[in-house]
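Asker: Okay, here's the prediction I keep looking at, along with the sequence it came from:
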Amino acid sequence: MTTISAGMVKDLREKTGVGMMECKKALSESSGDFEKAIDVLRKKGLASAEKKAGRSASEGIIGSYIHMDRLGVMVEVNCETDFVARTDDFRELVKDIAMHIAATNPACVSREEISEDVIEREKGIYMAQVSGKPPQVIEKIVEGKLDKFFSETCLLEQTFVKDPDQKKKVKDIIAEKVAKLGENIIVRRFSRFQLGDSGTTN
């Protein structure tokens, strides 16, 4: 079995702009062959997706989802052109994101929105839970717990509720649409209202 080094993954990420996990998977699938790994990512439509992430996205739509008149979500999702905003693919994505928010109740869109104070507080709690272990072990455990915290709290980090295999995150679903539609797509903000609750606004 071919060993996939961190350097190989880093090189592939720099070449394609794709996330580390997808790069590692592609290298595993291609038995460590760099060019074949790029082909794997291109076939999945991912190699070009993250390259578009820096482009301006000021068009889009505000989508909504209402569940049994007791729970409602509004979400603003941006793209680069009005043309893409009107496509069925884009509108379906926005609806799926609104439904996902209704089901999971995330606190924010991305981990970048969580303040350093909150992150440091979480780290402190996790470190107290595993005190007495070697420092490198503590660091790994805390990192894992922090990733779990982000996956529960941040919309983009959550496992997409409609993924039958429960492997893709919301950001992966968006990346697939970026690759298909050829434009940068950003979830700007959302509001979630539940009858009798104070709701969540981002």
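Answerer: Received the coordinates, thanks.
Asker: name the helices or strands packed onto the host helix or strand of I174?
Answerer: In this assignment (DSSP states H and E), I174 forms part of helix 170-181. Judged by 3 or more C-beta pairs under 8 Å, 6 or more residues apart in numbering; DSSP states H and E, the packing partners of helix 170-181 are helix 88-104. Quick note: C-beta positions are derived from backbone N, CA and C, even for glycine.
Asker: low pLDDT regions in the protein?
Answerer: 1-2, 16-17, 45-56, 198-202 (pLDDT under 70).
Asker: Chain neighbours aside, what residue packs nearest to the residue nearest in space to the middle of it?
Answerer: Geometric centre of the chain, nearest residue: K171, 2.6 Å, by C-alpha atoms, centre = their mean. Using C-beta to C-beta, 6 or more residues apart in numbering and skipping residues adjacent in sequence, the residue nearest K171 is L156, 4.2 Å away.
Asker: now the angle between helix 88-104 and the helix ranked longest in the chain, please.
Answerer: Secondary structure of the chain per DSSP state H: the longest helix is helix 135-153. For helix 135-153 against helix 88-104, the angle by axes from the mean of the first three to the mean of the last three C-alpha atoms, to 10 degrees is 110 degrees.
Asker: Can you give me the buried ones in helix 135-153?
Answerer: I138, V142, K145, F149, F150, T153 (16 or more other C-beta atoms under 10 Å).
Asker: tell me the domain boundaries of this protein?
Answerer: Using automatic domain parsing, the domain parsing of the chain gives 6-47, 56-110+154-201, 115-147.
Asker: just so I have it, where are all the helices in this structure?
Answerer: 6-16, 20-29, 34-43, 82-85, 88-104, 116-129, 135-153, 170-181.
Asker: what's the most buried one of those?
Answerer: helix 170-181 (a mean of 21; mean count of other C-beta atoms under 10 Å).
Asker: Export it to CSV, keeping only CA atoms.
Answerer: C-alpha atoms of helix 170-181 as CSV (Å, rounded to 0.1, in the frame of the first residue of the first chain):
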residue,chain,number,x,y,z
VAL,A,170,-22.3,21.5,3.5
LYS,A,171,-19.2,23.1,2.1
ASP,A,172,-18.6,20.0,-0.1
ILE,A,173,-22.1,20.3,-1.5
ILE,A,174,-21.4,24.0,-2.3
ALA,A,175,-18.0,23.2,-3.8
GLU,A,176,-19.7,20.7,-6.2
LYS,A,177,-22.1,23.4,-7.4
VAL,A,178,-19.3,25.9,-7.8
ALA,A,179,-17.5,23.4,-10.0
LYS,A,180,-20.7,22.7,-12.0
LEU,A,181,-21.9,26.3,-12.4
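Asker: centre of the chain versus it, how much separation?
Answerer: Relative to the mean C-alpha coordinate of its chain, helix 170-181 is positioned 10 Å out (C-alpha atoms, centre = their mean, to the nearest Å).
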